[in-house]
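# predicted coordinates and the sequence they were generated for:
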Amino acid sequence: MLRSPKYTPRWLIPSTPLFRRLLSDFALHQARKSSDEEDDPKYRIRKQDPEGQYLHLHKSKGQHILTNPRVLDVIVRRAGVGPTDTVLEVGPGTGNLTLKLLGAALRVVAVEIDRRMVDVLIKRVEDRGFGDKLTVIQRDALKAEFPPFDVVVANIPYGISSPLVAKLVYGPNQFRNATLLLQKEFARRLLANPGDSEYNRLAVNVKLVADVELVMDVSKRDFVPVPKVDSSVVIIRPKAEVPAVDLNEWWAFTRTCFGKKNKTLGATFKQKRKLMEIFKTSKTTSYRTGESSCGFGEEEGVDCGEESEGEDCCPVLSVSEGEIGLFREKVVSVLRLDGFEDKRPSKLSNDELLHLLGQLNGAGIYFHGRGQLHITEDATLAAT
Ligand SMILES: C[S@@+](CC[C@H](N)C(=O)[O-])C[C@H]1O[C@@H](n2cnc3c(N)ncnc32)[C@H](O)[C@@H]1O
């Protein structure tokens, strides 16, 4: 994975205010120049280097370079990077943040998807004499296997915020904290508490395993090219102790509860379709003998191949009105037990949600059928 550049562009982005202004002006000029280019996001900004090459900054890859040195310094300082730390940086771009990190850390592992950025980064780092301290993995950070690291510090591409945060907090790597520059709106959702209008499933799932702190808001004018949105820096600290809950079951439960976060739990759980879904899952789960098998299907000689969904492979497809009616009564009685029927998920703490899940599971009501759910691939992690 470690690679050196084949070609070394000489054009770099210095982070001086004057150069920043020139680049912003250049971006505006380019945006106005050609109607063809205006329509194509990849032409948002481009610069000719002395070898006649163009470096396009791609909107699709979230390529907005952070150029304010004050913000860069605050990020590195608040991340608490020390001389024995290995830092994981996702999306180093041209290396403005990387260089600051290399000055403070033992080493930096940078994961960058864009080969052109990797070339610029390596050249710039070698010119500053930090070459030995940098490892570059040229890959999609969502697909890359991260080597061990102590802290994460990154100005990430906003398009991968949700799966990346999930990969960090639910993935196999143990780390002290992650200091991330995020879209302000996404940061607010991560920071939201029960009762806040932004409170959502993303916050619930992240707060189960980590604490989140706001460090500062960052103006869109601190980036080149200037994005449409403002940003915020947050620190995510994994909790030392995580509640003893089956995570697959928790994710499936929060997906059910937060499908319509402002509906009462009673209304959500009484929906016929939802009830059928939970009924089937509960039935297959109670028959389940192992993670990858529904058990019942094997007895009956039904093919329970890894690819099929548990609820489809088990012969519990036909449900009588009587059965579903009894199940509905069971669900409602559990909800009523501790007064959850009229409560809205958007106002419940994780302790309350964990308590309710425990009660439901105790009554044989389950949300996750079988097989492993990969949280980083769960597109609804952030669903409200
Ligand atoms: C917002 S820019 C940050 C650049 C630099 N860290 C800075 O602060 O100026 C995001 C960077 O992430 C890279 N990137 C985009 N998608 C990525 C992915 N899936 N995996 C790794 N890097 C990615 C982009 O090429 C870009 O260099």
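Noted; the coordinates are in hand.

# alpha carbons only for contacts and neighbour counts from here, please
Fine.

# against L208, how distant is S349?
In this structure, S349 lies at 10 Å from L208, with CA to CA, to the nearest Å as the measure.

# so what sits against both of the two?
The contact sets of S349 and L208 do not overlap (CA atoms under 8 Å, 6 or more residues apart in numbering).

# enumerate the residues of this structure near the ligand.
If contact is defined as CA under 6 Å from any ligand atom, the residues of the chain in contact with the ligand are 61-66, 90-93, 95-97, 111-114, 140-142, 155-157.

# need the buried ones from these selected in ChimeraX.
The buried residues among those can be selected in ChimeraX (16 or more other CA atoms under 10 Å) with this line:
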select :61,62,63,64,65,66,90,91,92,93,95,96,97,111,112,113,114,141,142,155,156,157
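
# in helices, which of the residues of the chain next to the ligand fall?
Counting by DSSP state H, the members of those that fall within helices are N96, L97.

# which members of the residues of the chain next to the ligand are positioned in strands?
Secondary structure assignment by DSSP state E places I65, L66, V90, V111, E112, N155 of the residues of the chain next to the ligand in strands.

# wait, the fifth one touches V118, no?
Yes. In terms of CA atoms under 8 Å, E112 counts as a neighbour of V118; the distance is 6.6 Å.

# so what pairs up with the nearest residue to R115 once chain neighbours are set aside in the strands?
Counting by CA to CA, 6 or more residues apart in numbering, R115 lies nearest to Q138, which is 6.7 Å off, once chain neighbours are set aside. Beta-bridge partners of Q138, counted by DSSP bridges, are E112.

# shaky segments in the stretch 251-384 of the chain?
For the stretch 251-384 of the chain, residues meeting the criterion pLDDT under 70 lie at 286-317, 370-384.

# what's the helix or strand hosting L101 in contact with?
In the assignment (DSSP states H and E), L101 maps to helix 96-104. The list of residues contacting helix 96-104 from outside it, by CA under 8 Å, 6+ apart, reads 15, 65-67, 72-73, 76, 81-83, 87, 89, 92, 108, 110, 125, 130, 133-134, 154.

# ok so, going back, which two from the ones in strands among the residues of the chain next to the ligand end up farthest apart in space?
Considering CA to CA, no two members of these lie farther apart than L66 and V111, which are separated by 16.9 Å.

# domain-wise, how is this protein divided?
Residue ranges for each domain of the chain read 59-238, 247-380, as given by automatic domain parsing.

# highest mean neighbour count out of those?
domain 59-238 (a mean of 20; mean count of other CA atoms under 10 Å).

# chain center to that domain: distance?
11 Å (CA atoms, centre = their mean, to the nearest Å).

# start the count at 172, not 1, going forward
In the new count, where the first residue is 172, that last one comes out as domain 230-409.

# what about that domain, start to end distance?
Between the opening and closing residues of domain 230-409 there is a gap of 31 Å (CA to CA).

# re the thing from before, out of the ones in strands among the residues of the chain next to the ligand, which one has the lowest pLDDT?
Here the lowest pLDDT out of those sits on I236, with 93.

# that one and V395: what is the separation?
5 Å.

# ditto for L362
When distance is defined by CA to CA, L362 is 27 Å away from V395.

# try N348
27 Å.

# same check, this time on E260
According to CA to CA, E260 stands 19 Å off from V395.

# again, but for E356
Following CA to CA, the distance that separates E356 from V395 is 20 Å.

# for F429, same thing?
Relative to V395, F429 is positioned 37 Å away (criterion: CA to CA).

# ok, V280 next?
With CA to CA as the criterion, V280 and V395 are 24 Å apart.

# could you do S491 as well?
In this view, S491 and V395 are 61 Å apart by CA to CA.

# show me where the stretch 272-421 of the chain has its helices.
Listed in chain order, the helices found in the stretch 272-421 of the chain under DSSP state H, counting those that start in this stretch are 286-298, 332-341, 355-362, 372-380, 418-428.

# what angle do the last one and helix 372-380 make?
If I follow you right, that is helix 418-428. 150 degrees (axes from the mean of the first three to the mean of the last three CA atoms, to 10 degrees).

# contact partners for the nearest residue to D513 once chain neighbours are set aside?
On the basis of CA to CA, 6+ apart, the spatially nearest residue to D513 that is not a chain neighbour turns out to be T435, at 5.2 Å. Each residue near T435 by CA under 8 Å, 6+ apart is listed here: E512, D513, K514, R515, P516.

# and the nearest residue to the last one once chain neighbours are set aside, what does it touch?
To tie it back to what came earlier, the one meant is P516. Once flanking residues are discounted, P516 sits nearest to K432: 5.5 Å by CA to CA, 6+ apart. With contacts defined as CA under 8 Å, 6+ apart, the neighbours of K432 are N371, R515, P516, S517, T555.

# about what we covered before: closest to L527 out of the helices of the stretch 272-421 of the chain?
Within the helices of the stretch 272-421 of the chain, the stretch nearest L527 is helix 418-428; the backing value is 9.9 Å (CA to CA).

# just checking, what packs against the closest one?
In terms of contacts (3 or more CA pairs under 8 Å, 6 or more residues apart in numbering; DSSP states H and E), helix 418-428 is packed against helix 372-380, helix 436-441.

# looking at those helices, which is closest to G540?
Evaluated with CA to CA, the helices and strands packed on helix 418-428 place helix 436-441 nearest to G540, the distance being 17.0 Å.

# what's the following helix or strand after the closest one?
Moving toward the C-terminus from helix 436-441, the next helix or strand (DSSP H and E) is helix 443-458.

# quick one, that following helix and helix 418-428 angle?
Taking the same axes, to 10 degrees, one finds helix 443-458 and helix 418-428 inclined to each other by 170 degrees.

# alpha carbons of helix 443-458, as CSV, please.
The C-alpha trace of helix 443-458 is given here as CSV (Å, rounded to 0.1, in the frame of the first residue of the first chain):
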residue,chain,number,x,y,z
LYS,A,443,-49.6,-3.7,11.0
ARG,A,444,-46.6,-4.0,8.6
LYS,A,445,-44.2,-3.3,11.4
LEU,A,446,-45.9,-5.7,13.7
MET,A,447,-45.7,-8.5,11.1
GLU,A,448,-42.0,-7.8,10.6
ILE,A,449,-41.3,-8.0,14.3
PHE,A,450,-43.5,-11.0,14.7
LYS,A,451,-41.6,-12.9,12.0
THR,A,452,-38.2,-11.8,13.3
SER,A,453,-39.2,-12.8,16.8
LYS,A,454,-40.4,-16.2,15.7
THR,A,455,-37.3,-17.0,13.6
THR,A,456,-35.1,-15.7,16.4
SER,A,457,-36.7,-17.9,19.0
TYR,A,458,-36.0,-20.9,16.7
